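Visitor: A predicted structure for the sequence below; I have some questions about it.
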Amino acid sequence: MEQARAIVGELREEFVDADIPDWRLRERLVGLASELDGAPEESLPRALKTTAAREAAYRFLGNRRVTAAGILAPHMAATVRRARQHETVYVVSDTTEFSFSGERGARLGRLQGETRGFLGHFALAVSADGKRRPLGVVGMELLVRSEERKQHRNIYQRKKDPERESLRWARMVESTNEQLGHVHAIHVMDSEADIYELLTDMTSAGCSFIVRAGQDRLVTEDEGCLSEAVANGEILLERDVALSRRTVGTSKPGRKPSRRNGPRDARLARLQISCRQVSLKRPKTCTMEYPGAIVVNVVRVFEPTPPEGQAPVEWQLLTTEPITTVAEVAAIVDGYRTRWLIEEYFKAIKTGCAYESRQLESLRTLSNFLAIIAVLAWRLLLLRAIHRGERDMRADAILGADLLEALAERLKDIGERKPLPPSPSVDDAMKGIARLGGHITSNGAPGWQVLWRGYQDLLIWGGGYIRGRSITYKDQS
């Protein structure tokens with residue numbers, strides 16, 4: 001079944017050289033991950049069929065010699081190898097909450113209101129070749145808040161706190177740059193990373209970035225605020241972008257839902273794009289050790305005529321990337337759009353891998369298990385990315401001939417009216433796999449959940465088919 005894993009690569013390579021001192025623990029990790037890979041949403045008791053396997057898994061997750069960083073080490077190394085095959089990669093960073101109920105929640109940190117849990121700050125490497133293929137995780141940091149709220153008399157004091165949560169952005173930039181080495185990385189972040197100190201440090205270090213503006217900062221050209229400075233820029237291009245329906249406003253950890261993230265209907269938005277260069281003034285809350293201004297390029301993406309009752313789309317993207325041509329400006333917009341991939345990644349962790357419903361009791365076991373899930377969730381997204389980015393490629397370039405044959409037979413086996421073509425494309429094969437997962441064509445393009453269900457169905461059924469066919473050939477010979 002080596003060829004059967006050709007679509008998303010060998011899982012063993014992502015775990016086999018884990019930074020864990022005992023080889024038996026490393027092998028246990030590979031076995032546990034392999035069991036979960038087949039059914040990532042299943043609970044441990046259901047995924048692990050025997051009592052001995054379940055007890056071994058719980059002992060592994062609670063072992064003091066096992067750490068989340070050690071589990072992730074081989075996957076991050078593999079991610080760097082994949083990144084080196086690309087001229088440029090995006091490093092998309094963001095934070096999500098993991099909340100837990102009951103007694104275990106009480107042993108963790110505070111979140112919003114009465115909820116308990118911790119924050120997870122992640123960085124994904126994504127190809128910048130237009131295909132937006134997720135290459136893997138290059139950073140994961142967990143933050144557990146104290147029950148005692150820090151008392152600061154003013155914003156300046158809060159900015160001087162060396163343990164403030166906002167420093168996680170700078171730590172992630174530093175650690176991912178160190179790992180990626182000479183790979184050209186463009187850091188993509190949402191508006192929570194619009195921090196003057198962070199922007200200044202990245203600019204001084206020669207880092208490339210695309211950060212959505214979250215504050216209407218003062219600029220130095222006697223034009224008032226940023227929004228005023230970019231309001232009358234020349235329109236360089238227009239784009240139609242499909243916006244998904246949003247029923248409930250979302251917000252960053254610890255913040256109330258903002259107006260811009262409120263509910264909206266699904267629609268096709270006509271967006272206009274302009275750009276210019278500005279100098280952002282140092283805010284009063286920033287210490288004098290930082291320069292009085294920094295120069296950044298700004299790309300403004302806005303919806304001039306939204307439907308009645310709908311808030312207009314508007315992004316102001318702060319970037320180090322050049323804006324001299326229409327193509328360069330379009331690339332910046334496309335670069336920021338990769339940020340949505342990490343939102344899908346969080347959904348894959350929480351929904352596709354059911355992480356928050358796991359009955360694990362301690363921060364150690366939860367963090368070690370999250371490190372495993374972090375890799376499995378990436379594999380869920382990768383399958384869909386291959387479908388979307390390699391649609392016209394021949395299917396045998398990513399899927400072994402044996403498994404392609406098994407897919408054709410499996411579709412016949414379930415009575416599928418649309419057979420696999422004799423020389424299928426990636427699109428043909430993936431749509432066939434999606435049908436095995438229960439995809440309904442009228443629902444649009446298949447998502448990662450239905451693709452993974454179909455893929456697992458194919459691996460299980462196809463393995464038996466290939467073995468049975470091999471036995472038949474031997475008997476005939």
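Guide: In hand now; what should we look at?

Visitor: Which parts of the chain belong to which domain?
Guide: For the chain, automatic domain parsing gives the domain ranges 81-348, 390-476.

Visitor: Make TSV out of those domains and add mean pLDDT and mean neighbour count.
Guide: Glycine gets a C-beta too; all of them are placed from N, C-alpha and C. As requested, the domains of the chain are exported to TSV (pLDDT from 0 to 100; neighbours: other Cβ atoms under 10 Å):
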stretch	mean pLDDT	mean neighbour count
domain 81-348	87	16
domain 390-476	81	17
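
Visitor: nearest to Trp23, of those?
Guide: Across those, Trp23 has its closest neighbour in domain 81-348 (22.6 Å, Cβ to Cβ).

Visitor: can you give me the offset of the closest one from its chain's centre?
Guide: Put simply, domain 81-348 sits 14 Å off its chain's centre (Cα atoms, centre = their mean, to the nearest Å).

Visitor: how far away is the nearest residue to Lys350 once chain neighbours are set aside from Leu111?
Guide: Once flanking residues are discounted, Lys350 sits nearest to Glu356: 5.8 Å by Cβ to Cβ, 6 or more residues apart in numbering. For Glu356, the distance to Leu111 (Cβ to Cβ, to the nearest Å) stands at 12 Å.

Visitor: Equivalent analysis for Glu192, please.
Guide: Applying Cβ to Cβ to Glu192 and Leu111 gives a distance of 16 Å.

Visitor: Ile323 too?
Guide: Going from Ile323 to Leu111 by Cβ to Cβ gives 39 Å.

Visitor: same deal with Gly62?
Guide: 24 Å.

Visitor: just Ala331 next, same as before
Guide: Taken as Cβ to Cβ, the span from Ala331 to Leu111 is 37 Å.

Visitor: cool, and Leu458?
Guide: 39 Å.

Visitor: ok, now His182?
Guide: Look at His182 and Leu111: by Cβ to Cβ, they are 39 Å apart.

Visitor: could you list every residue that touches Val144?
Guide: Val144 sits next to Leu108, Gly109, Phe118, Leu119, Leu363 when contact means Cβ atoms under 8 Å, 6 or more residues apart in numbering.

Visitor: farthest pair in these?
Guide: Leu119 and Leu363, at 12.5 Å, using Cβ to Cβ across the contacts of Val144.

Visitor: Phi first, then psi, for the residue nearest in space to the middle of the chain.
Guide: Nearest residue to the geometric centre of the chain (Cα atoms, centre = their mean): Ile342, 2.7 Å. Here is the backbone geometry of Ile342 (degrees, to the nearest 10): phi -70, psi -30.

Visitor: Hmm, it is touching Gly120, no?
Guide: No: taking contacts as Cβ atoms under 8 Å, Ile342 lies outside contact range of Gly120: 11.1 Å.

Visitor: Distance-wise, check the residue nearest to Gly224 when sequence neighbours are not counted relative to Phe98.
Guide: Residue nearest to Gly224 in three dimensions, not counting chain neighbours: Leu218, with 7.3 Å by Cβ to Cβ, 6+ apart. From Leu218 across to Phe98, the span is 37 Å (Cβ to Cβ).

Visitor: out of the contacts of Val144, which are inside strands?
Guide: Residues of the contacts of Val144 located in strands (DSSP state E): Gly109, Phe118, Leu119.

Visitor: Could you pull up the residues touching the nearest residue to the last one once chain neighbours are set aside?
Guide: Spatial nearest neighbour of Leu119, chain neighbours left out: Leu143 (4.3 Å); criterion: Cβ to Cβ, 6+ apart. Taking Cβ under 8 Å, 6+ apart as the definition of contact, the neighbours of Leu143 are Gly109, Phe118, Leu119, Gly120, His121, Glu165, Arg168.

Visitor: mind redoing it with 7 Å?
Guide: Counting by Cβ atoms under 7 Å, 6 or more residues apart in numbering, Leu143 touches Phe118, Leu119, His121, Glu165, Arg168.

Visitor: The second one: what's it in contact with?
Guide: In other words, Leu119. Taking Cβ under 7 Å, 6+ apart, one finds Thr95, Glu97, Leu142, Leu143, Pro253 in contact with Leu119.

Visitor: Return the subset of those residues lying in strands.
Guide: Thr95, Glu97, Leu142, Leu143.

Visitor: Which two among the residues you listed are spaced furthest apart?
Guide: Greatest spatial distance in the ones in strands among the contacts of Leu119: Glu97 and Leu142, 11.3 Å, computed using Cβ to Cβ.

Visitor: Show me where the stretch 301-450 of the chain has its helices.
Guide: Ranges of helices in the stretch 301-450 of the chain, per DSSP state H, counting those that start in this stretch, are 326-337, 340-347, 363-389, 401-413, 426-436, 448-476.

Visitor: Same list (the ones you listed) but as a markdown table, adding distance to Ala18.
Guide: As requested, the helices of the stretch 301-450 of the chain are exported to a markdown table (distance: least, Cβ to Cβ, whole Å):
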| stretch | distance to Ala18 |
| --- | --- |
| helix 326-337 | 32 |
| helix 340-347 | 21 |
| helix 363-389 | 9 |
| helix 401-413 | 28 |
| helix 426-436 | 30 |
| helix 448-476 | 23 |
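
Visitor: thinking Phe98 is in contact with Gly117, fair?
Guide: Yes: under the criterion of Cβ atoms under 7 Å, Phe98 makes contact with Gly117 at 4.8 Å.

Visitor: thinking again about what came up before, ok, the residue nearest to Lys350 to Glu390 distance?
Guide: 32 Å.

Visitor: Check Ile235 too.
Guide: 34 Å.

Visitor: what do you get for Ser244?
Guide: Distance of Ser244 to Glu390, computed by Cβ to Cβ: 23 Å.

Visitor: Same check on Leu376?
Guide: To Glu390, Leu376 is 21 Å away according to Cβ to Cβ.

Visitor: Tell me who's in contact with the nearest residue in space to Tyr465 that is not next to it in sequence.
Guide: Excluding the flanking residues, the one nearest Tyr465 by Cβ to Cβ, 6+ apart is Ala406, at 4.6 Å. Residues in contact with Ala406 (Cβ under 7 Å, 6+ apart) are Leu458, Trp461, Gly462, Tyr465, Ile466.

Visitor: possible to save those as a markdown table with distance to Lys431?
Guide: Listed next are those as a markdown table, based on distance: Cβ to Cβ, whole Å:
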| residue | distance to Lys431 |
| --- | --- |
| Leu458 | 13 |
| Trp461 | 17 |
| Gly462 | 17 |
| Tyr465 | 20 |
| Ile466 | 22 |
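
Visitor: secondary structure class for Leu280?
Guide: strand (DSSP: H, G, I helix; E, B strand; the rest coil).

Visitor: Find the nearest non-adjacent residue to it, please.
Guide: Using Cβ to Cβ, 6+ apart, the nearest residue to Leu280 is Arg217, at 5.0 Å.

Visitor: got a list of what the one you found touches?
Guide: Cys225, Leu226, Leu280, Lys281.

Visitor: okay, these in a markdown table with distance to Lys347 next?
Guide: Shown next, in a markdown table, are the contacts of Arg217 (distance: Cβ to Cβ, whole Å):
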| residue | distance to Lys347 |
| --- | --- |
| Cys225 | 35 |
| Leu226 | 31 |
| Leu280 | 33 |
| Lys281 | 38 |
